[in-house]
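> Attaching a predicted model along with its sequence, questions to come.
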Amino acid sequence: MNTDLLLAQNHAFQLSRTLMVPVTLFRSGDEFGVLPSDELDDEDDLEIVREFHPWPAH
């Protein structure tokens with residue numbers, strides 16, 4: 001978890017490109033975290049900030 005949004009966004013983007021799967025940047029309390037999007041559950045008490053996709057937009 002990280003408290004710096006810009007650093008968390010950079011890590012989320014890089015992780016998405018490395019794993020070649022969509023990842024979700026979320027906030028929990030005062031910290032940010034990243035998980036592969038398919039690992040998130042609707043029951044999780046997380047604030048979704050952004051989803052990163054590894055494929056370039058056309």
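Nice, I can see it.

> any idea how far the residue nearest to residue 31 when sequence neighbours are not counted is from residue 12?
Once flanking residues are discounted, residue 31 sits nearest to residue 1: 3.9 Å by Cβ to Cβ, 6 or more residues apart in numbering. Bear in mind the C-beta positions are built from the backbone N, C-alpha and C, glycine included. Plainly put, residue 1 is 12 Å away from residue 12 if you go by Cβ to Cβ, to the nearest Å.

> So which of the two has more stuff around it?
residue 12 (23 against 12; other Cβ atoms under 10 Å).

> where does the more buried one land in three-state SS?
What DSSP: H, G, I helix; E, B strand; the rest coil gives for residue 12 is helix.

> Quick check: mean pLDDT of stretch 26-39?
Mean pLDDT, stretch 26-39: 93.

> where's stretch 45-58 relative to the chain centroid, distance-wise?
6 Å (Cα atoms, centre = their mean, to the nearest Å).

> Stretch 31-45 too?
Counting by Cα atoms, centre = their mean, stretch 31-45 comes out at 8 Å from the chain centroid.

> quick one: buried residues of it?
32, 33, 34 (16 or more other Cβ atoms under 10 Å).

> in which helix or strand would I find residue 26?
In this structure, residue 26 is located in strand 23-28 according to DSSP states H and E.

> Only alpha carbons, please: show that strand as PDB.
Extracted C-alpha coordinates of strand 23-28, given in PDB (Å, rounded to 0.1, in the frame of the first residue of the first chain):
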ATOM      1  CA  VAL A  23      -5.400  -3.900 -12.900                       C
ATOM      2  CA  THR A  24      -7.400  -1.700 -10.500                       C
ATOM      3  CA  LEU A  25      -6.000   1.100  -8.400                       C
ATOM      4  CA  PHE A  26      -8.100   1.400  -5.200                       C
ATOM      5  CA  ARG A  27      -8.100   3.400  -2.000                       C
ATOM      6  CA  SER A  28      -8.600   1.900   1.400                       C
END
